[in-house]
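Asks: mind folding the following:
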Amino acid sequence: MGDQSITCREGIVVFDYRNDYLDCKKEIKKRRKGLEGTMNQPLATRMRPTSLSEVVGQDHLIGDRKVLTRIVNSRQIASIVLYGPPGVGKTSIAHALSGDLGVPFRYFNAGAHSKKDLQTIAKDGAPGNPAIILIDEVHRLDKPKQDFLLMQIEDGSLIMVGATTENPYMSINPALRSRSHIFELKPISSKNVAERLSVALTDTERGLGNIKTNIDNKTLHHIGEQTNGDIRSALNTLELAVMSTEPKNGICTINRDIINTCLQQRQIGGDKDGDSHYNLLSAFQKSIRGSDADAALHYLARLIQAGDLISINRRLLVIAYEDISLASPELGQETLAAVTVAERVGLPEARIPLAQITVRLALSAKSNIAYKALDRATEALNTGRDLTVPKHLQDAHYQGASKLGHGVGYKYPHNFRYGITDQQYLPDGFLSDRYLQFRDSQDTEIIQNSYCKINEIVKRG
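Replies: Below is the predicted model:
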């Protein structure tokens, strides 16, 4: 997360995340010059909640009879992991818990800090009197750090509050996960973001309340929408707009045009290395499978914005054979052609063949009977039946094979009418198995009829 300094206020550890702040250009530096204390910190840092009552959103965790509120009321905290997209309040909730409980949290970044740093923090705790540690990017803990942390949690010397943008069920060590309560934080609505921005505009101690500002609710909601519910980014945007706008008659008037000049490109949540990216790929395939071309194009646009052409192409090829398959077999070749063109021309032009094949796949008939049949065949292998290949099908190219009975009695199908003859192919213990299970569908009717007619001729026991 970058450099951080730690200051203490009223016994509560307050972290100054310098790199959380956007590059707010020379205007902000100039306007901040001469401010004292925490007012020289970024607005997003100054406005971190000191109590759960200041946290917006997360109503499933905070409020009457909700779990985090109950933790505060009982003054008992166990190890927890908070996960969700950037800017939804993971670190802010940790600060709020620290404030409500009146207990300082020690900060540790799993990617930036060493095992020695972790050991130093652990010295502050003891069984029965544990130290509470906030571990940012907890999914990046390496094995030596994990092993040490597990021992400290096990004997009650440390209580962990982990924060991560990654799905903990996929990214966190199972032993560590089993010793923690996991809470998912939801994206924050533009309404809740606007509420927090309004507080920042009126707060004279930590916010922008000492600067007379004129901004309407629609513009505040616009900030929330364009920052995709990321409160940190929203506060940074608001501060940049206020601090870089020249007052007229002592009032800074902020409109949507000014906000748009201060916004970074909207964050859609498609970081190709993050958990959200796999959610997008999953939604992309499921939209095509469900024949919703508009939804498929929506997720394709987000994936293209993330720039991961390789994953898009791979997923499209999988879809052609997993979800379309026998209903429209030619789409396998069409998909291969489209992704080949996309690879050769690259982005942004690659979006053209990708859009075309996405619509074709979404609107095509669907069938999954082929790979489902293979799954059934695979499951049948584990039923304990004899797997011996019938002797007449065994390899007979070498001298002496006939003496072993290998290949003896094999009927060469091309010598028979229609290229089919009555002959056993499955092992004896599998003769009654039927893996292909057709649905009543015109899309696979021809293949189903062929299957039935062939089975009437081929000897199946």
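Asks: what number of residues lie near I310?
Replies: I310 is flanked by 11 other residues according to other CB atoms under 10 Å. For glycine as for every other residue, the C-beta is placed from the backbone atoms N, C-alpha and C.
Asks: which element is it on?
Replies: Following DSSP states H and E, the helix or strand that holds I310 is helix 309-319.
Asks: in that helix, what counts as buried?
Replies: Applying a neighbour-count criterion of 16 or more other CB atoms under 10 Å, the buried positions in helix 309-319 are 309, 311-313, 315-317, 319.
Asks: surely N368 meets A320?
Replies: No - counting by CB atoms under 8 Å, N368 sits too far from A320 to count as a contact (12.0 Å).
Asks: of the two, which one has the most company?
Replies: When neighbours are counted by other CB under 10 Å, N368 and A320 differ, and A320 comes out ahead with 26 against 17.
Asks: how far away is that one from E54?
Replies: Computed as CB to CB, to the nearest Å, the A320 to E54 distance reads 50 Å.
Asks: same question, V242
Replies: Going from V242 to E54 by CB to CB gives 20 Å.
Asks: more neighbours: which of those two?
Replies: Ranked by neighbour count (other CB under 10 Å), V242 and E54 place V242 first, with 23 against 15.
Asks: got a list of what that one touches?
Replies: Under the criterion of CB atoms under 8 Å, 6 or more residues apart in numbering, the neighbours of V242 are 208, 211, 213, 252, 254.
Asks: quick check: the fourth one is in a strand.
Replies: Just to be clear, that refers to C252. Yes - with DSSP: H, G, I helix; E, B strand; the rest coil as the criterion, C252 is located in a strand.
Asks: which one of the buried residues of helix 309-319 sits closest to L97?
Replies: For L97, the closest of the buried residues of helix 309-319 turns out to be S311, at 36.8 Å, with distances computed as CB to CB.
Asks: that closest one and S282 touch, don't they?
Replies: No - applying CB under 8 Å, one finds S311 not in contact with S282, separated by 11.3 Å.
Asks: before we move on, the earlier item: quick one: which of the buried residues of helix 309-319 is nearest R196?
Replies: Distance from R196 was checked for each of the buried residues of helix 309-319 by CB to CB. The minimum falls on S311, at 34.3 Å.
Asks: so what's the nearest residue to that closest one once chain neighbours are set aside up against?
Replies: Of all residues beyond its chain neighbours, the one nearest S311 is L281 (6.0 Å), with distances taken as CB to CB, 6 or more residues apart in numbering. Under the criterion of CB under 8 Å, 6+ apart, the contact list for L281 reads 303, 311, 315.
Asks: redo that, cut-off 10 Å
Replies: With CB atoms under 10 Å, 6 or more residues apart in numbering as the criterion, the residues that contact L281 are 270, 272, 299, 303, 306, 308, 311-312, 314-315, 318.
Asks: name the SS class of it, please.
Replies: helix.
Asks: show the pLDDT at it.
Replies: Per-residue confidence (pLDDT) for L281: 90.
Asks: distance of it relative to K186?
Replies: Taking CB to CB as the criterion, L281 is separated from K186 by 21 Å.
Asks: picking up where we left off before, same list, the contacts of V242, but as JSON lines with distance to L61, neighbour count and pLDDT please.
Replies: Putting the contacts of V242 into JSON lines (distance: CB to CB, whole Å; neighbours: other CB atoms under 10 Å; pLDDT from 0 to 100) gives the following:
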{"residue": "L208", "distance to L61": "28", "neighbour count": "22", "pLDDT": "92"}
{"residue": "I211", "distance to L61": "33", "neighbour count": "17", "pLDDT": "91"}
{"residue": "T213", "distance to L61": "32", "neighbour count": "18", "pLDDT": "93"}
{"residue": "C252", "distance to L61": "35", "neighbour count": "19", "pLDDT": "92"}
{"residue": "I254", "distance to L61": "32", "neighbour count": "21", "pLDDT": "93"}
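Asks: including distance to P85, could those go into CSV?
Replies: Converted to CSV, the contacts of V242 look like this (distance: CB to CB, whole Å):
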residue, distance to P85
L208, 26
I211, 30
T213, 28
C252, 30
I254, 26
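Asks: domain assignment for the chain?
Replies: 4-184, 190-262, 275-363, 385-457 (automatic domain parsing).
Asks: quick one: the longest one to chain centroid distance?
Replies: The one in question is domain 4-184. Between the mean C-alpha point of domain 4-184 and the mean C-alpha point of its chain there is a distance of 21 Å (CA atoms, centre = their mean, to the nearest Å).
Asks: average pLDDT across it?
Replies: 78.
Asks: picking that back up, so what secondary structure elements neighbour the helix holding I310?
Replies: If contacts are counted by 3 or more CB pairs under 10 Å, 6 or more residues apart in numbering; DSSP states H and E, helix 309-319 sits against helix 275-289, helix 293-306, helix 330-345, helix 351-363.
Asks: angle of the last one against helix 309-319?
Replies: Computed by axes from the mean of the first three to the mean of the last three CA atoms, to 10 degrees, the angle separating helix 351-363 from helix 309-319 equals 30 degrees.
Asks: extract the CA atoms of the helix or strand just after helix 351-363 and return them as PDB.
Replies: Elements were assigned by DSSP H and E; along the chain past helix 351-363, the next helix or strand is helix 369-380. What follows is helix 369-380 as a C-alpha-only set of coordinates in PDB (Å, rounded to 0.1, in the frame of the first residue of the first chain):
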ATOM      1  CA  ILE A 369     -24.700 -33.100 -23.600                       C
ATOM      2  CA  ALA A 370     -21.300 -34.000 -24.900                       C
ATOM      3  CA  TYR A 371     -19.100 -32.900 -22.000                       C
ATOM      4  CA  LYS A 372     -21.700 -34.000 -19.500                       C
ATOM      5  CA  ALA A 373     -21.600 -37.500 -21.100                       C
ATOM      6  CA  LEU A 374     -17.900 -37.500 -20.600                       C
ATOM      7  CA  ASP A 375     -18.300 -36.600 -17.000                       C
ATOM      8  CA  ARG A 376     -20.600 -39.500 -16.500                       C
ATOM      9  CA  ALA A 377     -18.100 -41.800 -18.200                       C
ATOM     10  CA  THR A 378     -15.400 -40.500 -15.900                       C
ATOM     11  CA  GLU A 379     -17.600 -41.100 -12.800                       C
ATOM     12  CA  ALA A 380     -18.300 -44.700 -14.000                       C
END
